[in-house]
Each structure stands twice: as C-alpha cells, then as structure tokens.
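>>> have a look; sequence and predicted model below, questions after that.
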Amino acid sequence: MQATVQTWNPAIESAGKWYARCMPSLIDLVFLLPALFLFGRLSGTKILFTDGDTGWHIRTGEWILSHRAIPTQDFFSFTRPGHPWFAWEWGWDLLFGAIHKFWGLEGVAFVNVLILGIFAVLLYKLALRVSGNELASFFVTTIAICGSSLHWLARPHLLSWLFFILFLHLIRDLQEGRRLPLYLMPVLAAIWANVHPSFFLSLLLLLLTAWEEALQLFIDSGSWAAIYKKCRPFLWAMATCSFATLLNPYSWRLHKHILAVLSPELVNAIQEYQSVNFHNSPAGFFECMLLLAAAAVFWSLQAKVANSTISVLFWAHVALFSVRNIPLFLIVAAPLVARMLDQLVTKVRIPRLRPLCTTISEISQDLHSLETRARTYALSVLGMLALACLFAFNAPGFEGQFNPYAFPSTAIPVVAASSARRIFASDQWGGYLVYRFYPEKRVFVDGRADIFGSEISSLALGIQNARYDWKRQLDRFAVDMVIVKPDAPLASALKVSSDWTILFDDGKAIVFQAKLSRMQKTDLRTDRRSWQPGVL
C-alpha cells in the first residue's frame with residue numbers, strides 16, 4: 001500500500017485569517033529599506049543635510065507663507081539684491097517651509113525619508129509589472145536604492161524622482177492600452193513644473209518610449225501607418241504635457257530660463273553635474289547595475305525586443321556624465337534587468353547552474369503565492385511611527401541639524417553675536433548661513449547658480465583663492481565678515497592683513513571680521529564711486 005503524502009500550503013491555509021494580513025511582506029521590506037540603509041549603513045540625517053541649498057529652500061518656503069506670494073527677486077544676497085529670480089522649486093519650498101515651521105528640521109528629515117520609502121515601493125512595483133518576479137524585482141530595487149544614496153539630500157530632486165517613476169507607470173499603462181494616463185499625465189506634468197525644473201524629463205520619457213515602439217514595429221516589419229498609430233498616444237501625451245508645464249508662475253519664461261541655465265559654462269562649474277567618483281562606496285551599486293543593464297540590453301535585442309533598450313542606453317550615457325543622473329538611470333534600468341533575470345532563471349542551459357536556478361525558481365513561486373494575499377502593511381506603519389518617535393525625541397543619529405562636519409556650526413554663536421551684516425563664504429556655506437541668519441545678515445553667494453551666474457561664482461572662487469584683487473573685491477561689496485576653511489588661501493591672506501581680526505578658529509572654520517577703521521575707509525570709497533549693490 002502506498003502512503004499518501006500530505007502537503008501544507010501556508011498561503012492557502014491562513015489566507016482568510018486576520019493575522020495573515022498583518023504579516024510582513026516584501027513591500028514592507030522595500031518601503032523600510034531606505035530608512036534601514038540610511039540609519040544602519042550611512043550616517044543618518046547628516047547625509048540628508050549635507051547640502052547648504054536645503055537652508056535657503058526652507059527660508060524661501062517660509063517667506064512664501066508669510067508674504068503669500070512667490071518670490072520674483074533675490075533677497076538673500078547683497079551681491080544680487082533685486083535681481084530677477086525664478087523660484088522654480090517654490091512648490092517644494094512651500095511644503096517643507098510649512099513642515100519646518102511646524103516640526104523643524106526633524107520634520108523635514110522625516111518626510112524626506114518617507115518620500116524615499118514611497119520611491120522604493122513605486123520602483124519595486126514597476127519592476128514587478130515588467131518582470132512578474134518578486135525576487136528579481138526586490139533584488140534590482142535593492143541595488144537601485146543603495147545606488148541612489150549618492151544623491152540622498154533633503155532637496156526638491158527627491159520629490160522629482162517620484163514624478164519620474166510615476167510617469168514610467170503611466171507610460172506602462174499606455175503601452176497596455178489604457179487611456180486614463182492621457183488625462184493624468186498633463187496634471188502630473190503641471191504639478192512637476194512647480195516643484196522641480198526637471199519636469200521636461202516627462203517629455204523626454206514619452207519621446208524615448210515612442211522611439212522604442214516605432215523600433216519594435218520596424219523590427220516586426222510593421223507598416224508606417226501601424227507605427228504612427230502605435231506612437232500617436234505618446235506624441236499626443238507629449239503635446240498635452242508641454243502645454244501643462246506652462247501652468248507655473250513664470251509661464252513660458254521658466255522654460256527659457258532653464259535652457260539658459262543649462263549652458264556648458266555654468267553646468268561645468270557645478271559639482272553635482274560632474275562625473276561620478278567610483279572611489280565612493282555607493283558608486284559600486286551603480287557599476288553593478290551598469291553591467292547588468294548592458295547584459296539586459298543585449299539579451300533584449302537578441303530576442304528582438306526593443307522595449308526600454310533605447311531608454312536604458314540613453315540614461316546610462318547621461319549618468320556617466322553627471323552624478324545627479326545616476327538615480328534616473330537606476331530607475332529606468334531596474335525593470336529591464338528584473339525581466340532578464342526572470343527569463344534567465346527559466347531558460348538557462350548550463351548543467352551546473354540548473355540546480356541553483358531551480359531553487360531560485362521555487363523560491364520565486366513561493367514568494368508569489370505569499371505576496372498575492374491582501375495585506376495591511378502593518379510593519380510599514382509601525383516602522384514609520386517608530387521613526388517619527390525617534391525624530392521627535394532627537395535620538396542619536398536622528399537629530400534635526402545640518403551636518404556639523406560639512407558646515408561651520410560651532411561658529412554660529414560668535415557670528416550671531418557680531419554686528420556684521422555682509423558675510424563672504426562659499427556657496428555651500430552661504431545657503432547654510434541663509435538658514436541660520438536670514439533676514440538679519442546677507443551672504444555674498446549661495447547655491448542658486450542661475451542667479452549668480454558664472455561671473456559672480458568665479459569672482460567668489462577667486463576671492464577664496466586670494467586672487468590678486470581679493471582685497472579690492474571685498475571692499476567693492478563692503479564685506480564685513482569672512483567665514484572660510486582654515487586651509488583656504490584667503491584665510492592666510494587675512495591673517496596678515498591689518499584690516500581684519502580673527503573672531504573664531506576651531507580648525508574647521510575660521511571667522512574674520514573687518515576692523516572699524518577698514519570699514520570706514522570702505523564707506524568713503526564706495527560713496528565716491530556711487531557703488532550700487534548688484535551692479536557689476
């Protein structure tokens with residue numbers, strides 16, 4: 001007599017139980033992954049607040065709240081007062097200005113971690129839609145999340161990642177024959193245009209998809225009429241989104257301004273537009289995805305599938321040129337790599353790899369049966385509540401403060417007590433000083449490269465390097481305080497100058513204040529020249 005073997009399937013056995021819906025899922029793990037990586041592997045909020053631009057963004061939002069208007073002129077600097085200003089990220093500024101007013105920097109950090117969690121889930125869902133494999137989708141999402149940490153800063157671009165990936169989801173809906181995205185895309189594009197200047201990427205994504213659809217039909221020997229019919233929804237979406245982006249406070253002038261800012265002369269002077277430093281540890285994840293994406297493109301073209309291949313090649317190209325494009329490449333490449341991995345497991349023909357592939361395939365099937373159940377995502381909710389408590393009580397690593405290793409935080413009490421009103425510092429420190437001292441004190445320059453342009457930016461760099469005319473330029477703008485790093489050439493020049501005195505020096509930052517006699521001389525010279533702030 002043959003014995004009957006009974007099997008137990010937990011997915012079927014407990015599918016109707018309430019506690020089964022509370023069990024953790026891959027989506028819970030994906031949602032919490034950025035927070036785990038940020039506070040477990042990286043240095044917590046110090047990473048989020050390592051860029052001085054966060055400072056002037058927050059103060060801009062508070063200005064909008066108090067004045068109930070969107071700024072059109074500069075009021076943070078004394079080198080460009082009244083200069084036209086396109087506050088193109090005013091939507092983010094308003095949101096986080098309100099959050100800061102209610103909860104401080106802790107709230108800003110918490111909401112940005114929440115944004116990263118939502119970003120991770122959207123990416124995982126996109127990879128799952130393309131591949132149908134939970135394990136492969138989780139693998140590529142993990143690589144993408146860790147790789148994108150190169151640019152985890154509490155700035156508007158994090159929110160732009162959400163718009164970018166939402167557009168990819170809507171494009172996927174269009175490819176599947178749905179028409180609702182044709183109405184949602186213009187709305188999304190209009191909101192994006194008021195949050196971050198990268199809104200033009202929505203048009204680029206649609207254009208690249210149209211090319212891929214045309215290439216696929218061309219490979220399949222389709223007629224020109226069929227190609228046009230297939231590409232028409234994407235071209236129509238491009239047209240409607242183009243008009244929708246005009247719904248911003250500056251209308252078409254914003255588009256003109258963005259094109260002017262993207263000039264090579266200005267872009268080449270901005271650090272985040274430079275190529276990635278592969279000695280940086282998160283760059284290894286980018287390198288890994290780059291190799292996997294190259295294999296996925298080859299795999300797809302070999303199978304005569306053009307979908308996503310042009311996009312992956314394009315974004316790989318721009319990511320190698322600029323570090324800020326790396327997260328965008330990771331987003332685009334992850335679904336294609338997940339699809340390749342899913343197919344690789346089922347089609348591998350190497351005998352030695354078959355047992356491993358069989359095991360992976362069985363795990364994937366088990367995960368699929370578990371992940372298809374309805375969930376409450378209780379773990380995600382509890383994780384966010386725990387994170388909010390840690391921020392609320394300023395636990396170690398969760399403090400609401402700018403990175404003390406990147407900014408002159410210890411010098412702030414001395415600067416606040418001084419009578420100085422015009423501070424010279426680098427653009428990174430300038431944004432931080434705006435956060436700490438606006439409106440009592442003004443800065444020479446901050447991170448708004450579009451306002452200061454290459455002329456003021458190069459002038460500031462020349463002063464820091466103690467160029468031959470540094471003294472004349474400081475007099476020209478009536479600078480009465482200088483905050484620089486001790487190893488800056490300007491620090492050495494000011495130490496031997498009789499017109500300046502050292503107020504503070506802790507080895508990380510040194511603060512100089514102009515002596516009264518020097519300021520009196522400067523006032524006389526500027527009066528004779530009829531000096532006007534902001535006029536070069």
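Thanks, I have it.
>>> residues near residue 92, how many?
22 (other Cβ atoms under 10 Å). In short, each C-beta sits where N, CA and C put it, glycine included.
>>> skip the chain neighbours and tell me the closest residue to it.
Nearest non-adjacent residue to residue 92, counting by Cβ to Cβ, 6 or more residues apart in numbering: residue 156, 3.7 Å away.
>>> look up how far residue 84 lies from that neighbour.
20 Å (Cβ to Cβ, to the nearest Å).
>>> the lengthiest helix in the chain packs against which elements?
Criterion DSSP state H: the longest helix present in the chain is helix 90-131. Counting by 3 or more Cβ pairs under 8 Å, 6 or more residues apart in numbering; DSSP states H and E, the packing neighbours recorded for helix 90-131 are helix 26-40, helix 45-48, helix 53-67, helix 134-148, helix 157-175, helix 326-347, helix 378-392.
>>> okay if I get those as JSON lines plus mean pLDDT and mean neighbour count?
Below are these laid out as JSON lines (pLDDT from 0 to 100; neighbours: other Cβ atoms under 10 Å):
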{"stretch": "helix 26-40", "mean pLDDT": "92", "mean neighbour count": "19"}
{"stretch": "helix 45-48", "mean pLDDT": "90", "mean neighbour count": "22"}
{"stretch": "helix 53-67", "mean pLDDT": "95", "mean neighbour count": "21"}
{"stretch": "helix 134-148", "mean pLDDT": "93", "mean neighbour count": "24"}
{"stretch": "helix 157-175", "mean pLDDT": "95", "mean neighbour count": "20"}
{"stretch": "helix 326-347", "mean pLDDT": "90", "mean neighbour count": "24"}
{"stretch": "helix 378-392", "mean pLDDT": "91", "mean neighbour count": "16"}
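>>> mind putting the ones you listed into a markdown table with distance to residue 218?
Below are the helices and strands packed on helix 90-131 laid out as a markdown table (distance: least, Cβ to Cβ, whole Å):
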| stretch | distance to residue 218 |
| --- | --- |
| helix 26-40 | 37 |
| helix 45-48 | 45 |
| helix 53-67 | 44 |
| helix 134-148 | 28 |
| helix 157-175 | 17 |
| helix 326-347 | 20 |
| helix 378-392 | 44 |
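>>> who wins for proximity to residue 489 among these?
In terms of Cβ to Cβ, the element of those nearest to residue 489 is helix 53-67, at 25.0 Å.
>>> hmm, who's touching the closest one?
48, 70-71, 75-76, 87, 89-90, 92-98, 100-101, 108, 153-156, 402, 431-436, 438, 446-448 (Cβ atoms under 8 Å, 6 or more residues apart in numbering).
>>> these, buried ones only, as a ChimeraX selection?
Of those, the buried ones go into a single ChimeraX selection, burial set by 16 or more other Cβ atoms under 10 Å:
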select :48,70,71,75,76,87,89,90,92,93,94,95,96,97,100,108,153,154,155,156,402,431,432,433,434,435,436,438,446,447,448
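>>> which strands and helices lie in contact with whichever strand or helix holds residue 428?
Assigned by DSSP states H and E, residue 428 belongs to helix 427-437. Secondary-structure packing of helix 427-437 (3+ Cβ pairs under 8 Å, 6+ apart): helix 53-67, helix 412-417, strand 422-424, strand 442-443, helix 449-464.
>>> how far does the longest one sit from its chain's centre?
Using Cα atoms, centre = their mean, to the nearest Å, we find the averaged C-alpha position of helix 449-464 to lie 24 Å away from the chain's own average C-alpha position.
>>> quick one, it and helix 427-437 angle?
Helix 449-464 runs at 110 degrees relative to helix 427-437, counting by axes from the mean of the first three to the mean of the last three Cα atoms, to 10 degrees.
>>> the first one now?
An angle of 40 degrees separates the directions of helix 53-67 and helix 427-437 when computed by the same axes, to 10 degrees.
>>> would you put the C-alpha positions of helix 53-67 in PDB?
Taking C-alpha atoms only, helix 53-67 is exported to PDB below (Å, rounded to 0.1, in the frame of the first residue of the first chain):
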ATOM      1  CA  ASP A  53      20.800  74.500  -0.500                       C
ATOM      2  CA  THR A  54      18.300  73.000   1.900                       C
ATOM      3  CA  GLY A  55      18.800  76.100   4.000                       C
ATOM      4  CA  TRP A  56      17.700  78.700   1.500                       C
ATOM      5  CA  HIS A  57      14.900  76.400   0.200                       C
ATOM      6  CA  ILE A  58      13.400  76.300   3.700                       C
ATOM      7  CA  ARG A  59      13.700  80.000   4.200                       C
ATOM      8  CA  THR A  60      12.100  80.600   0.800                       C
ATOM      9  CA  GLY A  61       9.100  78.500   1.800                       C
ATOM     10  CA  GLU A  62       8.700  80.400   5.000                       C
ATOM     11  CA  TRP A  63       8.900  83.700   3.000                       C
ATOM     12  CA  ILE A  64       6.100  82.400   0.700                       C
ATOM     13  CA  LEU A  65       4.000  81.500   3.800                       C
ATOM     14  CA  SER A  66       4.400  84.900   5.400                       C
ATOM     15  CA  HIS A  67       4.100  87.000   2.300                       C
END
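>>> and the angle from it to helix 157-175?
In terms of direction (the same axes, to 10 degrees), helix 53-67 departs from helix 157-175 by 90 degrees.
>>> so how far is helix 53-67 off the chain centroid?
18 Å.
>>> now swap in the third one and tell me
Its chain's C-alpha centre lies 29 Å from the corresponding centre of strand 422-424 when counted by Cα atoms, centre = their mean.
>>> for the helix or strand hosting residue 475, list every residue counted as buried.
Assigned by DSSP H and E, residue 475 belongs to helix 470-476. Within helix 470-476, the residues scored as buried using 16+ other Cβ under 10 Å are 470-471, 473-476.
>>> what's it packed up against?
Using 3+ Cβ pairs under 8 Å, 6+ apart, helix 470-476 is in contact with helix 449-464, helix 516-529.
>>> report the buried residues of the longest one.
In this case it means helix 449-464. Neighbour-count burial for helix 449-464 flags 449-453, 456-457, 459-460, 463-464 (criterion: 16+ other Cβ under 10 Å).
>>> related to what we said a few turns ago, list just the nearest of the buried residues of helix 470-476 to residue 393.
Ranked by distance to residue 393 (Cβ to Cβ), the buried residues of helix 470-476 are led by residue 474 at 44.3 Å.
>>> pull the contacting residues for that closest one.
424, 463, 482.
>>> going along the chain, name the strands of the stretch 151-300 of the chain.
Ranges of strands within the stretch 151-300 of the chain: none, based on DSSP state E, counting those that start in this stretch.
>>> low-confidence bits of it, can you list those?
265-269, 271 (pLDDT under 70).
>>> now do 90
151, 176-178, 212-231, 257-284, 299-300 (pLDDT under 90).
>>> likewise for the stretch 401-536 of the chain?
Looking at the stretch 401-536 of the chain by pLDDT under 90, you get 447, 449-450, 452-458, 468, 498-499, 515-536.
>>> let's see that with 70 instead.
For the stretch 401-536 of the chain, the stretches flagged by pLDDT under 70 are 517-536.
>>> number of residues surrounding the closest residue to residue 103 other than its chain neighbours?
With Cβ to Cβ, 6+ apart as the criterion, residue 103 has its nearest non-adjacent residue at 7.5 Å, and that residue is residue 110. Counted with other Cβ under 10 Å, the neighbours of residue 110 add up to 23.
>>> who's in contact with residue 110?
Taking Cβ under 8 Å, 6+ apart as the test, what residue 110 contacts is 103, 387-388, 391.
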